[in-house]
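Colleague: missing the sequence, but the structure's below:
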């Protein structure tokens, strides 16, 4: 340990060591991360296969579905957005009461009203 | 009569205003202006700016006092009650929340719960450039030693190149707490200036042809070997596995990375822990940001801030930042020399943290050269690995220096 301190007596030397070792560790950590996670899917997939015993057809479907690119998602969501906007078709914002001409109905006919049948004096 | 007037005058602060105080006020006003009007990182610059202002009201005695005032010798310190009683509320907050290293990991937890590691898992290759972009930290460490900073100060200065606010603050608390104010200001200001710094460096180093490298076409030409299925499961396993791997290698980065990954885990689990994730990203993170900003601002009293070291930090911070961007770009260029599947060098430029602003800026630059070339997803991959890289670098510095 003493030898190490002698070697690293100067701050600058120590700085260099820290820089090189530090950068090395950062690189190693991320490399390790890469190795672990590039193998991880295989491990997970293996387990899932054992559990379910997926048929060949299922497998094909899954492989096709597994990776959806960002632009596909974007296109689908845009299409859905447009579709759902279309559902509620554009209405005019002017609200007025329209007079509705109804066909004749005896229910409201004046002929049958009470007053009509009163004797005329 | 005269007695009354003189005691009235003494009650006010007019007698104690010095030119240093006025300079600090101006700095506070500039920070507040940048935060409020220019919207440069307003969530941080406004509390920091106001903290500076409050700390420099003469007579109010809100500024953070030097740690030697707290030290009783023999490794004993004043307790929090005594600190609150003698030095006021901001010192109480500073010594309980910042000096203990409590707030930065809490903020990192919120950042983790806001981060999606998906893009990085899809493009694991790009994670390397997050490591390459940490070169600025270590280069400036050496440069700062040459300039006469001591080792601890140099390491804190270099970490600005990681472009990660909480990381820079955490490292500085551990290594050189007297420089906390200027380093936090430099880190956050340069993060706010990412839209200026990245294009500046990128235009110097990247040719027009490289700007137009289309990542999606490259992916089609050379489809990735490892396709991740069950992305949701992988995303849940990721924080647990990464935490374990990194903890074995760099245990000192665990306070930061551990909290980041915990935040990410509660987000990825989904509905069953969504309440925790909501708390981490909302109330807890916002509260932490307020206290962090105010107390970091309050460390910037005129005696501490108006020194030549501050200028060195501001210049050194910029160099660290620029070198990190350049390091990422050059790493991609080096990779492109040997690989047939080319990578757009802009993706290397986003290897420094500053999530997600760096990615947005790089994406906009790529779109300028080719309106169909969206590289945001790829940029996010190296950007997020930059966060991990800078937290690991911080851990390395804390344990080695």
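Modeller: Looks like it came in fine. Quick caveat: nothing in here was measured; it's all calculated off a predicted structure.
Colleague: got a list of what the residue of chain A found nearest chain B touches?
Modeller: Of all residues in chain A, residue A:19 sits closest to chain B, at 3.7 Å by CB to the nearest CB. For every residue, glycine as well, the C-beta is placed using N, CA and C. Residue A:19 sits next to B:138-139, B:141-142 when contact means CB atoms under 8 Å, 6 or more residues apart in numbering or on different chains.
Colleague: For residue 97, report the pLDDT, please.
Modeller: You didn't pick a chain, so chain A it is. Looking at residue A:97, its pLDDT is 73.
Colleague: sorry, should have said chain B
Modeller: 92.
Colleague: now it: how far from chain A?
Modeller: 28 Å (CB to the nearest CB, to the nearest Å).
Colleague: Surely that residue is in contact with residue B:293?
Modeller: No: if you go by CB atoms under 8 Å, residue B:97 and residue B:293 don't touch, sitting 11.6 Å apart.
Colleague: And the two? Which one has more around it.
Modeller: residue B:293 (24 against 17; other CB atoms under 10 Å in any protein chain shown).
Colleague: ok, that one touching residue B:52?
Modeller: No: checked against CB under 8 Å, the pair residue B:293 and residue B:52 is beyond contact range at 10.1 Å.
Colleague: Please determine how far residue B:117 is located from residue B:242.
Modeller: Distance, residue B:117 to residue B:242, by CB to CB, to the nearest Å: 9 Å.
Colleague: Which one's more surrounded, those two?
Modeller: Higher neighbour count among residue B:117 and residue B:242: residue B:117, with 25 against 21, using other CB under 10 Å.
Colleague: What pLDDT does the model give that one?
Modeller: Residue B:117 is assigned a predicted lDDT (pLDDT) of 88.
Colleague: quick one on the thing from earlier: of the contacts of residue A:19, which are in range of chain A?
Modeller: Applying CB under 8 Å from any CB of the partner chain to the contacts of residue A:19, one finds that B:138-139, B:141-142 fall near chain A.
Colleague: Rebuild those as TSV, extending it with pLDDT, distance to residue B:331 and secondary structure.
Modeller: Output for the ones next to chain A among the contacts of residue A:19, formatted as TSV (pLDDT from 0 to 100; distance: CB to CB, whole Å; DSSP: H, G, I helix; E, B strand; the rest coil):
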residue	pLDDT	distance to residue B:331	secondary structure
B:138	90	14	helix
B:139	89	14	helix
B:141	90	19	helix
B:142	88	19	helix
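Colleague: Nearest to chain A among those residues?
Modeller: residue B:138 (3.7 Å).
Colleague: can you tell me the helix or strand for the closest residue to that closest one other than its chain neighbours?
Modeller: Using CB to CB, 6 or more residues apart in numbering or on different chains and skipping residues adjacent in sequence, the residue nearest residue B:138 is residue A:19, 3.7 Å away. Counting by DSSP states H and E, the element that carries residue A:19 is helix A:11-52.
Colleague: quick one, what contacts residue B:23?
Modeller: B:302, B:306.
Colleague: Quick check: which element contains it?
Modeller: With DSSP H and E as the criterion, residue B:23 is inside helix B:19-36.
Colleague: Between helix B:19-36 and the next helix or strand after that helix, find me the angle.
Modeller: Where DSSP H and E defines the elements, the next helix or strand beyond helix B:19-36 is helix B:42-55. Comparing the axes of helix B:42-55 and helix B:19-36 via axes from the mean of the first three to the mean of the last three CA atoms, to 10 degrees yields an angle of 160 degrees.
Colleague: can you list the residues of the stretch 301-401 of chain B near chain A?
Modeller: Going by CB under 8 Å from any CB, the residues of the stretch 301-401 of chain B near chain A are B:374, B:377, B:385, B:388-389, B:392-393, B:396-397, B:400-401.
Colleague: pLDDT on the helix holding residue A:19, on average?
Modeller: For helix A:11-52, the per-residue pLDDT averages 75.
Colleague: Stretch B:179-191 too?
Modeller: On average, stretch B:179-191 scores 87.
Colleague: same check, this time on stretch B:50-68
Modeller: Average pLDDT, stretch B:50-68: 87.
Colleague: what's the span of that stretch, first residue to last?
Modeller: With CA to CA, to the nearest Å as the measure, the ends of stretch B:50-68 fall 25 Å from one another.
Colleague: Check the offset of that stretch from the chain's centre.
Modeller: 23 Å (CA atoms, centre = their mean, to the nearest Å).
Colleague: circling back to that earlier point, just send the contacts of residue A:19 back as TSV, with neighbour count too.
Modeller: Putting the contacts of residue A:19 into TSV (neighbours: other CB atoms under 10 Å in any protein chain shown) gives the following:
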residue	neighbour count
B:138	29
B:139	20
B:141	29
B:142	17
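Colleague: which one of these sits closest to residue B:301?
Modeller: residue B:141 (27.0 Å; CB to CB).
Colleague: mind checking how far the closest one is from residue B:37?
Modeller: Residue B:141 is 35 Å from residue B:37, by CB to CB.
Colleague: Kindly report the same for residue B:343.
Modeller: From residue B:343 to residue B:37 the distance is 38 Å (CB to CB).
Colleague: next one: residue B:364
Modeller: From residue B:364 to residue B:37 the distance is 23 Å (CB to CB).
Colleague: Look at those two and report which has more neighbours.
Modeller: Neighbour count, other CB under 10 Å: between residue B:364 and residue B:37, residue B:364 has more, with 15 against 9.
Colleague: mind checking pLDDT for residue B:367?
Modeller: 90.
Colleague: Am I right that residue B:134 is in contact with residue B:327?
Modeller: Yes: Residue B:134 lies in contact with residue B:327 (CB under 8 Å); the separation is 7.4 Å.
Colleague: which residues are in contact with both of the two?
Modeller: residue B:351.
Colleague: who's more crowded, the two?
Modeller: Neighbour count, other CB under 10 Å: between residue B:134 and residue B:327, residue B:134 has more, with 33 against 27.
Colleague: who touches that one in this structure?
Modeller: Counting by CB under 8 Å, 6+ apart, residue B:134 touches A:23, A:26, B:161-162, B:324, B:327, B:351-352, B:386, B:389-390, B:393.
Colleague: Would you reformat those residues as CSV and include distance to residue B:192 and secondary structure?
Modeller: Below are the contacts of residue B:134 laid out as CSV (distance: CB to CB, whole Å; DSSP: H, G, I helix; E, B strand; the rest coil):
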residue, distance to residue B:192, secondary structure
A:23, 27, helix
A:26, 25, helix
B:161, 16, helix
B:162, 15, helix
B:324, 16, helix
B:327, 21, helix
B:351, 19, coil
B:352, 14, coil
B:386, 17, helix
B:389, 21, helix
B:390, 17, helix
B:393, 21, helix
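Colleague: can you pick the most crowded of those residues?
Modeller: Highest neighbour count within these: residue B:352, with 39 neighbours (other CB under 10 Å).
Colleague: got a list of what that residue touches?
Modeller: B:133-134, B:136, B:161-163, B:321, B:324-325, B:328, B:358, B:386, B:390.
Colleague: Can you tell me how far it is from chain A?
Modeller: 12 Å.
Colleague: Would you quantify the distance from that residue to residue B:321?
Modeller: 7 Å.
Colleague: Between those two, which contacts overlap?
Modeller: Joint contacts of residue B:352 and residue B:321 (CB under 8 Å, 6+ apart) are B:136, B:161, B:163.
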